[in-house]
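# structure for this input, please:
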Amino acid sequence: MKNLNINIEKVRQSGSVALNDKVARLKSEGRKIISLNSGDPNFNTPAVIVESAKDAMMKGFTHYSDSRGIAELRKALADKIKNWNSGEYNFENEILVTCGAIHAFYLSLKTILNNGDEVLVPDPTWMTHANMVNLLGAKAIRVPALEKNNFYSSIDSLNEYCTEKTKAVVINSPSNPTGAVADKDYLEAFAKFAVERNLFIISDEVYESITFDNTKSVSLASIPSIKNNLLLINSFSKTYAMTGWRIGYLAAPKKIIDEAIKASQYSITSLPPFIQHAAVTALTDTSIQHAIEKMRLEYEKRRNKVNSIFKEFNSDKLRARIPKGAFYYFIDIKNVSTNSVEFCEKLLENKGIALVPGSIYGMHGEGYIRFSLASSMEDIIDGAEGLIDFVQKY
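Below you'll find the predicted structure:
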């Protein structure tokens, strides 16, 4: 056999997906597993969205569609970005419908990067942010995003790691895995840094609707001066509980969209039109906002319950910083273990509780574990109490 692609050989399988697969295997073997490792909302997609897809299929929207995305959806997305994110985008040539946020991220990188380019990626962050860069022959430069800085890279650190080879910088707010939300002051300083360094900004905003304590998720699209630098990524997965539908979008300057569409056409051709019609319903049906808020309130209720359990435990063995957004706790276990993979494996084996080791999100994620709120209240309570029992005996 001839040699395989050296870039793909350097990349590990997705740690979270591999863990999901392991949990599924254990469940199929009859093990009772409390699954708090998933980033998949445990809510059904709102019925009106499902019915819209069914109606579109029955009307014959089951063939190829516009490779940019159907015009009705792009118009609805432009309106959404204007009303929700305070950004102005032309639906005709500045929005591209994608197969989820991962595809949008792939298209962004494929469009702007050449071999050897560098991309500043926070550490810790969702593993795709770094691995996709490396997969495409560029180099992800991990910039510490420490808890003392709200799990975002300081501007000083960004300047320190930026070189002549740096082409882009990635940001994710609200953050997976940390639950942090970047405030407006930080985002303005971040934008200023990127513009001064002439960098593209790839902003992953998929958790924008899930924030707590009246915290507002500020979109970088709201800063007009950086529009020529900004590639805005989002999806329907988290906000509308549509992870399996695989639909997202990229909003960017016309020059970028005109090139990104080539990579999209040669990778997926187009998105199923019945899914796009369902996405239009998600954006325009007046009942959907109530469904979104109902899910957000449930996540907040679960977050508060976990917080009360950890406060009652009141031990430095587990230090659980209260998340302001997304649906994850990023729990400090360094006083118990400095090997998060080993810790999570033993927790799964001994207590049947599945959490994600922080080290898969980067070296600065070591000593943390990710606890997902995307599960039932019963499982979340049992998981939090089981975790406490486990660390007391660890």
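# so where do the helices sit in this protein?
6-10, 15-28, 47-58, 71-85, 100-112, 127-135, 155-161, 184-196, 254-265, 273-284, 288-313, 340-351, 377-393 (DSSP state H).
# what does the last one rub up against?
Outside of helix 377-393, the residues within contact range by C-beta atoms under 8 Å, 6 or more residues apart in numbering are 34-36, 301-302, 305-306, 309-310, 313, 315, 317-318, 333, 336, 346-347, 350-353, 355, 371, 373, 375. Placement of C-beta: from N, CA and C, glycine included.
# neighbours of residue 265, how many?
Counted with other C-beta atoms under 10 Å, residues neighbouring residue 265 total 12.
# so what's it up against?
residue 67.
# do you know how far it is from residue 113?
19 Å (C-beta to C-beta, to the nearest Å).
# picking that back up, so which of the helices of the chain is nearest residue 241?
helix 288-313 (6.7 Å; C-beta to C-beta).
# report the distance from the closest one to the chain centre.
Put simply, helix 288-313 sits 19 Å off its chain's centre (C-alpha atoms, centre = their mean, to the nearest Å).
# relative orientation of that helix and helix 47-58 in degrees?
For helix 288-313 against helix 47-58, the angle by axes from the mean of the first three to the mean of the last three C-alpha atoms, to 10 degrees is 140 degrees.
# how about helix 288-313: buried residues?
Neighbour counts using 16 or more other C-beta atoms under 10 Å place 288, 291-292, 295-296, 298-300, 302-303, 306-307, 309-310, 313 of helix 288-313 among the buried residues.
# which strands and helices sit next to that helix?
strand 319-320, helix 377-393 (3 or more C-beta pairs under 8 Å, 6 or more residues apart in numbering; DSSP states H and E).
# quick one, which of these is nearest to residue 40?
Nearest of the helices and strands packed on helix 288-313 (C-beta to C-beta): helix 377-393, 13.3 Å.
# what's the angle between that closest one and helix 340-351?
110 degrees.
# how about helix 377-393: buried residues?
379, 380, 381, 382, 383, 384, 386, 387, 388, 390, 391.
# please apply the same query to stretch 162-181.
So, applying 16+ other C-beta under 10 Å, buried residues of stretch 162-181: 162, 166-181.
# let me see the mean pLDDT of it.
Stretch 162-181 carries an average pLDDT of 98.
# how far away from the center of its chain is it?
11 Å.
# coming back round to it: for the helices of the chain, give me TSV that also has distance to residue 143.
Converted to TSV, the helices of the chain look like this (distance: least, C-beta to C-beta, whole Å):
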stretch	distance to residue 143
helix 6-10	20
helix 15-28	20
helix 47-58	38
helix 71-85	25
helix 100-112	17
helix 127-135	11
helix 155-161	5
helix 184-196	11
helix 254-265	23
helix 273-284	34
helix 288-313	28
helix 340-351	20
helix 377-393	30
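# figure out which of those is closest to residue 148.
Of all those, helix 155-161 comes closest under C-beta to C-beta, at 11.7 Å.
# and the closest one, what does it pack onto?
Counting by 3+ C-beta pairs under 8 Å, 6+ apart, helix 155-161 packs on strand 139-144, helix 184-196.
# of those, which approaches residue 88 most closely?
helix 184-196 (16.0 Å).
# what's next to the closest one, contact-wise?
Against helix 184-196 from outside (C-beta under 8 Å, 6+ apart): 150, 152, 155, 158-159, 169, 171, 173, 182, 199-201, 218, 220, 223, 225-226, 229.
# for stretch 124-135, same thing?
Under C-beta under 8 Å, 6+ apart, the answer for stretch 124-135 is 7-8, 10-12, 14-16, 102, 105-106, 109, 113, 119, 121-123, 139-140, 142, 145, 151, 170, 172, 175-178, 204, 330, 358, 360-362, 364-365, 368.
# switch the cut-off to 7 Å
7-8, 10-11, 14-15, 102, 105-106, 109, 119, 121, 139-140, 142, 145, 170, 172, 176-178, 358, 360-362, 364-365 (C-beta atoms under 7 Å, 6 or more residues apart in numbering).
# near the spatially closest residue to residue 72 that is not a sequence neighbour, how many other residues are there?
Once flanking residues are discounted, residue 72 sits nearest to residue 280: 5.3 Å by C-beta to C-beta, 6 or more residues apart in numbering. Neighbour count of residue 280, defined by other C-beta under 10 Å: 19.
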